[in-house]
Structure formats: C-alpha cells, structure tokens
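Undergrad: pasted the sequence and its predicted model underneath.
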Amino acid sequence: MNLKQKFTIHKSIYLLILLWLMLCLVAAGCSGRNTIKIGFSVELSGSRGTIGLAARNGAEMAVDQINKSGGINGRLLELLVRDDLVNPETAGQVDAELIEEGVVAIIGHITSQQTLDVYEQNNEAKIIMMSPTSSSPSFTAQDDYFFRVMQSNDDFGRAIANYIYSQGIRQLSGVYDTSNQAFSFPLWDAAKDEFQNLGGEVMPGLEFSSADNPDLRQVVAALADQDPEAVLFVASGVDTALMAQYANLQSLDADLFSSPWAATDELLQKGGAAIEGMVLNALTNPQDTAENYISFRNEYVERYGIEPGLGASHAYEAVMVLAEALGKTNGRTDGLKDALLSISDFQGVNGTITFDAYGDVSRNFYLVRVEDREFVTIADIALDDRE
C-alpha cells in the first residue's frame, strides 16, 4: 500500500468519525428539544423545607415512572426544580425563569401564601400552575390557569370544629401563623364560625409570624391567660411542636388540635409527650390499604428510605394528572387548560381526582390522632359529610 492509498484511507476514517460526531450532536440537540419541560417551584430550604423536599421526591418519582413507561407519546419529561426560598420576590423570579426556559406548566407552590404571591404573574403568562398543597379559598371558583389537587381549607376548619364540639368542648382558642396568612386566616375563620354556630364560645385568636423569629413562649403565655378548654394551632409542624412543649411546661390544661400543615414527621419528632393525643386534619390516611397508596408508599420508602411526608403523594398526583392532560395535547401548552378541565375520576394515590370548571377538586380527607409518636386515623371525612 503506497502513501497516497494510506492517506485516502485515513481521510475516509476521519470523515466517518466526524460525521458520527455530528450525528451524535444533532441527536442530542433533538433529544433536548423533544423533552417536555415541567417546572417545579417550592420551598426546599428553611424551617418548612421538609414539606417541599417530600413534594420534590414525589414529583421526581412520578416523572421517572412516566419516562420508564415511554413518556408522553414518546417524549420524555424533564423536571426543572427551583427553590422559592419562601420569599415572594424569589418565587416570582424563579417562576419567570422557568417560563423563559419553556416549561409547559409549573408544579407549585407549597404554601398558599407563596402561591398567592405569584398568582397574578403566572396567570398573566397563561402558564398552568398546579399546586399539590395550596388550599386557600382565595383560589376557589376562579376562571384562571391555577389548578390544585387538594380542596379548599374551609373544609378543614369546619371539620375540626365539628369534631372538637362533638367531644363536649364548649370553649376554643386559636393560634395561627400570619406568615402563611392565605392559609391560616381562612382556616381559623371557618373553624371559629362553625364552632360558634354549633353553640360554642371562641376566644380571641392569637397571631404570630414565623418569618419574624417569634418568642413562642410568650405566645403560649398569652394563651395560658385565656385558660381555654381547647386550642387549635394553625402553624407548621415545628412551631406547633414547640408551642405544645411550652404549653406542657406551663401546665396548660387544654386539649390540643391542629391543621394539616402540622401533620409532618417534624411534629412527631419534636413534640414528644406534649403532643400525645393531639388531633389534626390530614390529607392522607396513614393506615390506607388501597392498592394505589400501598404501591406508592412502598416504592417511595424503597427509593428514599423514609415514609412519604406531607406533600409527597399530592405532588406525585399533580405530575401524574398533568401528564394525563399532556397526553391529550401531545405535550403542548395549547389546549392544556381545557385538557385538564376535562379530566374526571382520575385515579390518584389518595382517591379519585375530578376538576370542576375552575380547576378545583373535592376530595375526602381525614382526622388523625397522635398515638405513641404515630398518626392514627380516627375519621374519614367523606364528601357527603361536608355538604
């Protein structure tokens, strides 16, 4: 073989390698363009970050399951995760960035207040915002681009008030966190009104803001001055646990109740004996034996090594129901709102999901009692019970 022949062969090999590299780059680029991007914007840090982390885990698990089964009409989902830092400006900024990056929808936010802070911005952008846990009635019956997979917290307030009154209690005090006032105010108002309508007496509510690093001992001292028969805390699991501890130290002789915001492992870990017997609203039934819940729980525990916390299953459902709608639009934003509104009796982890004309849902929820540092279901609040 002469020098010219060798050069020709080497040149051919070089061109083939170059062509192969170009095809790989094109394929990679096409693959990136063909993914369906979903934004995920929640609080992942700070004192309430555990709820956001649980929600992120649930959403990631849903995305992985969908992709393993072929994605949306052959296109894979890509979850773009952002931390809103429980800050209105940051929440608005990261959502705007997600929209700029081409997401078809945003899963978020966790707290009602954070959702309210970005509501107008995202609605003007006509981007679907699907919240796993924002339950403020401020979003109810609005013709907008906001959807959620849990009901309005009016239901939680009325249900817990009915339960408290049914226990023979006739005097109630409330303590609520104003840093999430879009959630805490309406829940306390619904509970207060229901308790009064039943014939009970409601003491003046006590406010604090977890954003201001409050001295919760002073809050509980003011509570002790009221000497109530029962107390309803509307606060995070950490703050509820601390206030229960302070109430115990001050020998406050009152039955303790709380909202679903506190139904977290943090409450169980930090509350100790002070929360034994506390009754709360809960989004899920920890003793659920339904196949969908058992399957979800087992995979979650195997994957993350912990029990699914507050927000995990609802974030999983949010991704799954969004994927159902994206299947109808072939992954496009055009028509996505109508596709979501058409969903009926979607089988989720915690029962069926049907959106009404405004993207709201009505679902069963639960009352749980703390027993030996575990949540034990004591009541299933069915739809007919809330009418």
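TA: Sure, I can see it.

Undergrad: now the element after the worst-scoring helix or strand of the chain on mean pLDDT, going C-ward?
TA: None of the helices or strands of the chain scores lower by mean pLDDT, DSSP states H and E than helix 3-34, at a mean of 51. Next in sequence after helix 3-34, counting helices and strands by DSSP states H and E, comes strand 36-42.

Undergrad: given that following strand, what are its sheet partners and their directions?
TA: Partners of strand 36-42 in the sheet, by DSSP bridges, are strand 77-83 (parallel), strand 105-108 (parallel).

Undergrad: CSV please, covering the ones you listed and showing mean pLDDT.
TA: Supplementary listing: the strands paired with strand 36-42 in CSV, determined by pLDDT from 0 to 100:
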stretch, mean pLDDT
strand 77-83, 98
strand 105-108, 97
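
Undergrad: between those strands, which one is closest to Leu216.
TA: strand 77-83 (25.6 Å; C-beta to C-beta). C-beta coordinates here come from the backbone N, C-alpha and C atoms, glycine included.

Undergrad: related to what we said a few turns ago, most tightly surrounded among the strands paired with strand 36-42?
TA: For the strands paired with strand 36-42, average neighbour numbers computed from mean count of other C-beta atoms under 10 Å are highest in strand 105-108, which has a mean of 29.

Undergrad: ok, then the element right after it?
TA: Following strand 105-108 in sequence, per DSSP H and E, is helix 112-124.

Undergrad: same list (the strands paired with strand 36-42) but as a markdown table, adding distance to Gly157.
TA: Formatted as a markdown table, those follow (distance: least, C-beta to C-beta, whole Å):
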| stretch | distance to Gly157 |
| --- | --- |
| strand 77-83 | 30 |
| strand 105-108 | 24 |
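
Undergrad: ok, now which ones touch Val104?
TA: Residues near Val104 by C-beta atoms under 8 Å, 6 or more residues apart in numbering: Ile36, Lys37, Ile38, Ile128, Leu326, Gly331, Arg332, Thr333, Leu336.

Undergrad: state the number of residues packed around the first one.
TA: Put plainly, it is Ile36. 24 (other C-beta atoms under 10 Å).

Undergrad: name whatever forms a beta bridge with it.
TA: Leu77.

Undergrad: returning to that earlier point: wait, which of the strands paired with strand 36-42 is closest to Ser209?
TA: For the strands paired with strand 36-42, proximity to Ser209 was assessed by C-beta to C-beta; strand 77-83 is nearest, at 20.8 Å.

Undergrad: contacts made by the closest one with the rest, please.
TA: 35-45, 52, 56, 59-60, 63, 66-67, 71, 90, 94-95, 97-98, 101, 103, 319, 323.

Undergrad: can you check stretch 219-229 too?
TA: 169-173, 175, 203-204, 206, 208, 231, 243, 246-247, 250, 252, 254-255.

Undergrad: take those residues and keep only those in strands.
TA: Gln171, Leu172, Ser173, Val175, Leu206, Phe208, Val231, Asp255 (DSSP state E).

Undergrad: most neighbours out of the residues you listed, which is it?
TA: Busiest of the ones in strands among the contacts of stretch 219-229 [other C-beta under 10 Å] is Leu172, holding 27 neighbours.

Undergrad: my read: it touches Leu232, true?
TA: Yes: assessed by C-beta atoms under 8 Å, Leu172 is found in contact with Leu232 at 6.4 Å.

Undergrad: what residues are shared contacts of those two?
TA: In contact with both Leu172 and Leu232: Ala161, Ile164, Ala191, using C-beta under 8 Å, 6+ apart.

Undergrad: what residues of the helix or strand containing Arg297 count as buried?
TA: For Arg297, the host element (DSSP H and E) is helix 291-304. Buried residues in helix 291-304, counted by 16 or more other C-beta atoms under 10 Å: Tyr293, Phe296, Arg297, Tyr300, Tyr304.

Undergrad: please identify which of those residues is nearest to Asp239.
TA: Tyr304 (24.9 Å).

Undergrad: I'd assumed Glu60 was in contact with the closest one.
TA: No: in this structure, Tyr304 is not within contact of Glu60 by C-beta under 8 Å, at 9.5 Å.

Undergrad: contacting residues around Ala62?
TA: Ala315, Tyr316, Glu317, Val319, Met320, Ala323.

Undergrad: the first one against Ser134, yeah?
TA: No: using C-beta under 8 Å, Ala315 is not in contact with Ser134, being 11.7 Å away.

Undergrad: show me the helices in this structure, by range?
TA: 3-34, 49-68, 88-100, 112-124, 154-166, 181-197, 216-226, 237-249, 265-271, 291-304, 312-329, 336-341 (DSSP state H).

Undergrad: least reliable of these by average pLDDT, please.
TA: Confidence, taken as mean pLDDT, is least for helix 3-34 of the helices of the chain (a mean of 51).

Undergrad: ok, and the closest non-adjacent residue to Gly335?
TA: Once flanking residues are discounted, Gly335 sits nearest to Thr329: 4.8 Å by C-beta to C-beta, 6 or more residues apart in numbering.

Undergrad: got a list of what the one you found touches?
TA: Gly335, Leu336, Ala339.

Undergrad: hang on, the earlier thing: give me the more crowded residue out of Ala315 and Ser134.
TA: Ala315 (31 against 28).

Undergrad: and that one, what does it touch?
TA: Counted by C-beta under 8 Å, 6+ apart, Ala315 has contacts Ala54, Ala55, Arg56, Asn57, Gly58, Ala59, Ala62, Ile107, Pro132.

Undergrad: tally of neighbours for the first one?
TA: The reference is to Ala54. With other C-beta under 10 Å as criterion, Ala54 counts 27.

Undergrad: surely it is in contact with Leu310?
TA: Yes: contact criterion C-beta under 8 Å: Ala54 and Leu310 qualify, at 6.2 Å.

Undergrad: returning to that earlier point: out of the shared contacts of Leu172 and Leu232, who has the most neighbours?
TA: Ala191 (30 neighbours).

Undergrad: other residues contacting stretch 279-296?
TA: In contact with stretch 279-296 (C-beta under 8 Å, 6+ apart) are residues 133, 150, 156, 159-160, 163, 255-260, 262-263, 308, 310, 313-314, 316, 347-350, 365-370, 374-378, 380.
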